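# sequence below, structure please.
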Amino acid sequence: MPNISRFDRQIEFEKINVSVLILTRNEKVNIGACLDHLRWSDDVVVFDSLSTDETEEIAKKYGVRWIQRKFTNWSEHQNWAMENIPFKHEWVYYTDADERVPCELAEEILSKTSSASNDKVAYQVRRRDYYGESWIRRSTNYPLWFVRLFRPQAIRWSRKVNPVPTISGPIGNLENDFIHFPLSKGIGEWVDRHNSYSNFEAMELIKSLDSGDFRLGDLFSSDRVAQRHAMKKLSFRLPFRPVLRFFFLYFVKGGILDGTMGLRYCIMKAFYQYMIDIKVEEKLAKGGEAS
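Below is the predicted model:
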């Protein structure tokens, strides 16, 4: 893995105004390194979905708060956290265990949230996806923006998977990226995880088609998150989606320049799309509905 600079709390950042929320389930492979890059916060909450491995044992060595709840779906789980977890600070940074917060991003987070004149209620952050030492930049459709820093009362999510945030107030953008290791547990775990994701995505696709919630104007929105989800809804309505997904990532976005891993990753994303489409057909054939 790449050498990611770590930020430790220093005297000039003694006033911490940010809690951290980490969602976990069986993350013994990732949780230690994730927490190593979060030492700048004095309120780290691990929100666990009943892990059966050593995640709890490892996490508690870092002095975190440990909260457990049975997982239902992503938006319901995250909304429960906003409504039921008493965070110490007025800002929350959300991260997954397979992600890292580099020094530069940590410094920017602390700087933004320490300003008394800050009128923002949330910030979007770009994600960099790595496989080992290599940044698979083009195949992963970089830059993708995610709302990760927010005031808890100002955010709620919808969708069962890849949840979409609804923000009550002005949003800003951070200049530095967070680091993501989507294959940290190996290809087998990635396939298992995306098999689960595809069930939720199939239900969301059916619901979107039934509701007619696609708006052409959202494709040109200045809100990058809204624009990305409009692209997703548009893709729901296109034929040959797995082939189009591969062509877009590999040729249009330049995944071909990412070498062998770029080819693999584009095939994997196309396969994921194919799983979703097959499950949609199965549900429709059975008269299934988005539930």
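# quick one: the helices in the protein?
For the chain, applying DSSP state H gives helices covering 31-36, 55-60, 74-84, 103-113, 187-211, 224-236, 241-247, 259-285.
# Pro165: which of those helices is closest?
Minimum separation from Pro165 across those (C-beta to C-beta) falls at helix 224-236, 6.7 Å. To be clear about C-beta, it is placed using only N, CA and C from the backbone, and glycine gets the same treatment.
# average pLDDT for the closest one?
When pLDDT is averaged along helix 224-236, the result is 63.
# lowest average pLDDT across the helices of the chain?
It's helix 224-236: among those, that one has the lowest mean pLDDT, namely a mean of 63.
# hey, which strand is longest across the protein?
strand 122-131 (DSSP state E).
# that strand packs against which elements?
Packing partners of strand 122-131 (3 or more C-beta pairs under 8 Å, 6 or more residues apart in numbering; DSSP states H and E): strand 145-150, strand 171-173, strand 178-180.
# pull out the buried residues from stretch 91-101.
Judged by neighbour count using 16 or more other C-beta atoms under 10 Å, the buried positions of stretch 91-101 are 91-101.
# quick revisit: contacts for the longest strand of the chain?
1-2, 99, 105, 112, 135-137, 140, 142-151, 154-155, 165, 167, 169, 171-174, 176-183, 224-225, 261, 265 (C-beta atoms under 8 Å, 6 or more residues apart in numbering).
# same deal with stretch 170-186?
1-2, 4, 29-30, 95-96, 98-102, 104-105, 108-109, 112, 119-131, 143, 145, 147-149, 190, 223-224.
# selection in ChimeraX covering whichever of those residues are buried, please.
Selection of the buried residues among the contacts of stretch 170-186 in ChimeraX, burial being defined by 16+ other C-beta under 10 Å:
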select :4,29,30,95,96,98,99,100,101,102,105,108,109,112,120,121,122,123,124,125,126,127,128,129,130,131,145,147,148,149,190,224
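# could I have stretch 201-209 exported to PDB, CA atoms only?
Provided in PDB are the C-alpha atoms of stretch 201-209 (Å, rounded to 0.1, in the frame of the first residue of the first chain):
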ATOM      1  CA  GLU A 201     -29.500  -1.800  -6.500                       C
ATOM      2  CA  ALA A 202     -32.000  -3.900  -8.400                       C
ATOM      3  CA  MET A 203     -34.700  -2.800  -6.000                       C
ATOM      4  CA  GLU A 204     -33.700   0.800  -6.400                       C
ATOM      5  CA  LEU A 205     -33.600   0.500 -10.200                       C
ATOM      6  CA  ILE A 206     -37.200  -0.900 -10.300                       C
ATOM      7  CA  LYS A 207     -38.300   1.800  -7.900                       C
ATOM      8  CA  SER A 208     -36.700   4.600 -10.100                       C
ATOM      9  CA  LEU A 209     -38.300   3.200 -13.300                       C
END
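# that concludes my questions; thank you for your assistance.
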